[in-house]
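*Asks:* no sequence for this one, just the structure:
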């Protein structure tokens, strides 16, 4: 084959889409030795993926807010707590922001998740009844007789399970800022998990009725109303705690 014939044959192949030259025999590339460029350098540490510090994010976010509306918006926009994905809505607070007494519960339940307010189910009804006997109410506009209520966690845990330590840790900066903005005279730690978050202690049977201090405020641990519904005989101790609170407020 002459030059012109080979040139014409090559042009025909290019026109047909053949744009790579191949060898006369096939090559088993799986049997070829690995090239140095593909080998990992054993002297170098494995790559580390960046991990977000959820607690640091919540701390910085909480410190940046200046009012309750801003705090609520910041918590609603917080995306690092998995509880948010399974909850209907954020449960922020209820009651009067000027209240001298701030109740801190554990986490929303089914009714709270549906209505967006803390303590609205059977436990909430009992809570209202309990505090009404010493003249306190979440509906009262007067600071001396008002209540302000929130929870350690603002989203309902699945199947009302207990709060997990990592969930409490990432939401605690928001709770601390919440207390700073309300600036109550007294905090009520309602239940075991609230005591753990505020006081770093558990064992509500041992802690209840004993005044402590957290976040620069006097704290009174009390039985959770849900526990009182299951254990009616403990209402006597709850009444003693309410009388202790009433005496403290009257000073």
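*Replies:* Happy to help now that I have it. Note that this is a predicted model, so its numbers are computed, not measured.
*Asks:* mind listing the helices for the stretch 1-150 of the chain?
*Replies:* 3-15, 54-64, 68-77, 83-86, 110-115, 122-132 (DSSP state H, counting those that start in this stretch).
*Asks:* so which of those helices comes closest to residue 224?
*Replies:* helix 122-132 (7.0 Å; CB to CB). For glycine as for every other residue, the C-beta is placed from the backbone atoms N, C-alpha and C.
*Asks:* who does the closest one touch, helix- and strand-wise?
*Replies:* Contacts defined by 3 or more CB pairs under 8 Å, 6 or more residues apart in numbering; DSSP states H and E place helix 122-132 against helix 225-230, helix 235-250.
*Asks:* Just confirm residue 123 contacts residue 225, I think it does.
*Replies:* Yes: counting by CB atoms under 8 Å, residue 123 touches residue 225, with 4.0 Å between them.
*Asks:* Common neighbours of those two, please.
*Replies:* Common contacts of residue 123 and residue 225 (CB atoms under 8 Å, 6 or more residues apart in numbering): none found.
*Asks:* Averaged pLDDT, stretch 8-24. What do you get?
*Replies:* For stretch 8-24, mean pLDDT is 68.
*Asks:* any chance you could map the strands in the stretch 51-200 of the chain?
*Replies:* Along the stretch 51-200 of the chain, counting by DSSP state E, counting those that start in this stretch, strands occupy 94-95, 101-105, 147-151, 186-190.
*Asks:* partners of the first one in the sheet?
*Replies:* Think strand 94-95. When pairs are called by DSSP bridges, strand 94-95 turns out to pair with strand 147-151 (antiparallel).
*Asks:* Let me know the angle separating the strand it pairs with from helix 122-132.
*Replies:* With axes from the mean of the first three to the mean of the last three CA atoms, to 10 degrees as the basis, strand 147-151 and helix 122-132 are set at 150 degrees to each other.
*Asks:* hang on, the earlier thing: possible to save the helices of the stretch 1-150 of the chain as CSV with distance to residue 230 and mean neighbour count?
*Replies:* Converted to CSV, those look like this (distance: least, CB to CB, whole Å; neighbours: other CB atoms under 10 Å):
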stretch, distance to residue 230, mean neighbour count
helix 3-15, 85, 10
helix 54-64, 33, 16
helix 68-77, 30, 16
helix 83-86, 24, 14
helix 110-115, 16, 18
helix 122-132, 10, 18
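*Asks:* Thank you, goodbye.
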